[in-house]
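Enquirer: 3D, please:
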Amino acid sequence: MTTAKYDVLGIGNAIFDVLVQTDEGFLASHGMTKGGMALIDEARAAAIYSDMGPATKMSGGSAANTIVGIASLGARAAYVGKVRDDEIGRLYARDIRAAQVAFDTEAATGGPATGCSYILVTPDGERTMNTFLGAAQELMPADIDPGQIAAAAIVYLEGYLWDPKSAKEAFVKAATIAHGAGRRVALTLSDSFCVDRYRDEFLDLMRKDTVDLIFANESELHSLYQTSDFDTALRQLQKDVKLGVVTRSEKGCLVASGDGVIAVPAFPIANLVDTTGAGDLFAAGFLFGMVRNVGFENAGRLGALAAAEVIQHIGARPQVSLKELAQKNGLPV
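Expert: Residues are numbered from 1 along each chain as shown. Below is the predicted model of the structure:
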């Protein structure tokens with residue numbers, strides 16, 4: 001196996017985030033399910049945006065947030081995602097490259113605008129997302145460069161990609177190439193509503209070894225196995241995938257493999273502001289630990305640290321160098 005050019009390559013929906021702090025009343029007035037992610041059309045996007053008030057705007061997308069976190073830890077990172085050649089699309093490309101991430105996906109010259117997610121953050125820090133996929137769903141198998149995929153030690157995929165059919169095909173193509181090159185493939189389940197839509201297909205990916213590592217939070221795990229009993233679901237996860245990592249908010253995470261389950265505590269925080277990106281940044285720390293071969297416990301601690309940084313401010317990307325933060329806290333980087 002050749003030496004990897006990239007430590008982690010992420011493939012996901014390239015989405016521009018529009019965040020606003022609001023209250024439960026706003027969610028109710030727009031018929032939103034708190035804590036979830038709803039796919040919306042351009043007309044609903046415009047209606048929500050017109051009611052939102054002053055917002056924070058930044059490049060986002062689940063896998064992209066993870067990849068930016070990995071770069072912040074000092075790893076070599078690349079990203080594949082589709083934007084339109086419009087103002088927001090150009091801003092998106094500039095942002096991700098400025099974070100030291102290789103981003104070579106060709107922008108669409110026609111079709112829908114660059115995707116946007118309208119994220120409402122309530123006073124308890126919970127985020128409710130309304131996502132217009134736009135150009136992101138135009139990601140095609142042709143956008144997957146076999147040489148680039150084979151050059152990444154880990155290929156990381158987001159469950160949200162499973163919505164558009166062409167992106168789904170791109171996802172499977174990338175996993176096949178990665179395994180052919182002796183690389184590892186990771187998948188985040190993304191959202192319990194996403195799991196509800198594609199439960200059987202996600203289980204199929206796990207049981208056929210299309211993916212080697214699964215990231216899930218508690219609600220996604222319960223949804224995947226349709227059980228309210230956590231231990232039952234965890235035991236099944238151990239049977240279905242080589243490695244499963246379950247995040248449990250303030251209770252930390254569990255790393256489940258054929259060898260058993262390791263519990264890693266959450267990192268203490270001073271103030272919860274916005275949970276947007278918590279799972280994305282946890283995955284960044286954990287994947288970084290994997291490529292650095294620091295063991296599951298240290299990988300979990302790196303994930304906990306990265307998640308703790310991002311939930312203490314608005315937005316889903318780190319505001320400080322995660323590498324320096326890890327060094328300060330005595331973690332291996």
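
Enquirer: which residue sits closest to the residue nearest to the spatial centre of the chain, ignoring its sequence neighbours?
Expert: Nearest to the mean C-alpha position of the chain, counting by CA atoms, centre = their mean, stands residue 62 at 3.3 Å. Closest residue to residue 62 apart from its sequence neighbours, by CB to CB, 6 or more residues apart in numbering: residue 158 at 4.5 Å. Just so you know, the C-beta spots here come from the backbone N, C-alpha and C atoms, and that holds for glycine as well.

Enquirer: and residue 29, how many neighbours does it have?
Expert: Here the number of neighbours of residue 29 (other CB atoms under 10 Å) works out to 10.

Enquirer: picking that back up, ok, the residue nearest to the centre of the chain to residue 265 distance?
Expert: 24 Å (CB to CB, to the nearest Å).

Enquirer: what do you get for residue 63?
Expert: 26 Å.

Enquirer: okay, these two: which has more neighbours?
Expert: Using other CB under 10 Å as the criterion, residue 63 and residue 265 rank with residue 63 on top: 30 against 12.

Enquirer: And the more buried one, how far from residue 280?
Expert: 8 Å.

Enquirer: what do these two both touch?
Expert: Both residue 63 and residue 280 are in contact with residue 188, where contact means CB atoms under 8 Å, 6 or more residues apart in numbering.

Enquirer: Do you have the strands of the stretch 101-250 of the chain handy? List them.
Expert: Per DSSP state E, counting those that start in this stretch, the stretch 101-250 of the chain carries strands over the ranges 101-103, 115-121, 127-132, 152-158, 184-188, 213-217, 243-247.

Enquirer: quick one: contacts of the third one?
Expert: Just to be clear, that refers to strand 127-132. The contact list for strand 127-132 (CB under 8 Å, 6+ apart) reads 13, 15, 19, 27, 32-42, 44-45, 48, 115-122, 160, 274-276.

Enquirer: Is residue 272 located within a strand, as I assumed?
Expert: No: Residue 272: not assigned to a strand; according to DSSP: H, G, I helix; E, B strand; the rest coil it is coil.

Enquirer: which residues does residue 258 contact?
Expert: Contacts of residue 258 by CB under 8 Å, 6+ apart are 238, 242.

Enquirer: hmm, try it at 10 Å
Expert: Contact partners of residue 258, counting by CB atoms under 10 Å, 6 or more residues apart in numbering, are 238, 239, 241, 242, 243.

Enquirer: what's the answer for residue 124, then?
Expert: Residues counted as contacts of residue 124 (CB under 10 Å, 6+ apart) are 24, 34, 35, 272, 275.

Enquirer: who wins for neighbours among the residues you listed?
Expert: Compared across the contacts of residue 124, residue 275 has the highest neighbour count, 19 neighbours, by other CB under 10 Å.

Enquirer: Now find how far off-centre stretch 202-217 is within its chain.
Expert: From the chain centre to the centre of stretch 202-217 is a distance of 15 Å (CA atoms, centre = their mean, to the nearest Å).

Enquirer: How about stretch 116-135?
Expert: Using CA atoms, centre = their mean, the offset of stretch 116-135 from its chain centre is 14 Å.

Enquirer: in that stretch, what counts as buried?
Expert: The neighbour-count check on stretch 116-135 (16 or more other CB atoms under 10 Å) flags 116-122, 125-135 as buried.

Enquirer: Pull up the distance across it, start to finish.
Expert: Using CA to CA, to the nearest Å, the span of stretch 116-135 from its first residue to its last is 9 Å.

Enquirer: got the contact list for the residue nearest to the centre of the chain?
Expert: Residue 62 touches 10, 12-13, 15, 37, 117, 129, 156-161, 188, 190-191, 277, 279-280, 283, 316, counting by CB under 10 Å, 6+ apart.

Enquirer: Show only the entries of those residues found in helices.
Expert: Applying DSSP state H to these, the entries found in helices are 279, 280, 283.

Enquirer: Burial check on the residue nearest to residue 62, number of neighbours?
Expert: 29.

Enquirer: and it, bridged to which residues?
Expert: In this entry, residue 158 is beta-bridged to residue 188, by DSSP bridges.

Enquirer: got a pLDDT number for it?
Expert: Note on residue 158: pLDDT of 95.

Enquirer: now the helices: where do they sit in this protein?
Expert: 24-29, 42-52, 62-72, 87-98, 146-150, 165-180, 192-207, 218-225, 230-240, 278-291, 296-310, 322-328.

Enquirer: Report the buried residues of the second one.
Expert: It refers to helix 42-52. Those would be 45, 48, 49, 52, for helix 42-52 by 16+ other CB under 10 Å.

Enquirer: Check the last one too.
Expert: Neighbour-count burial for helix 322-328, with 16+ other CB under 10 Å as criterion, is recorded at 322, 323, 325, 326.

Enquirer: For that helix, which outside residues touch it?
Expert: Under CB under 10 Å, 6+ apart, the answer for helix 322-328 is 68-75, 267, 281, 284-285, 288-289, 298, 301-302, 305-306, 308-310, 318, 320-321, 331-333.
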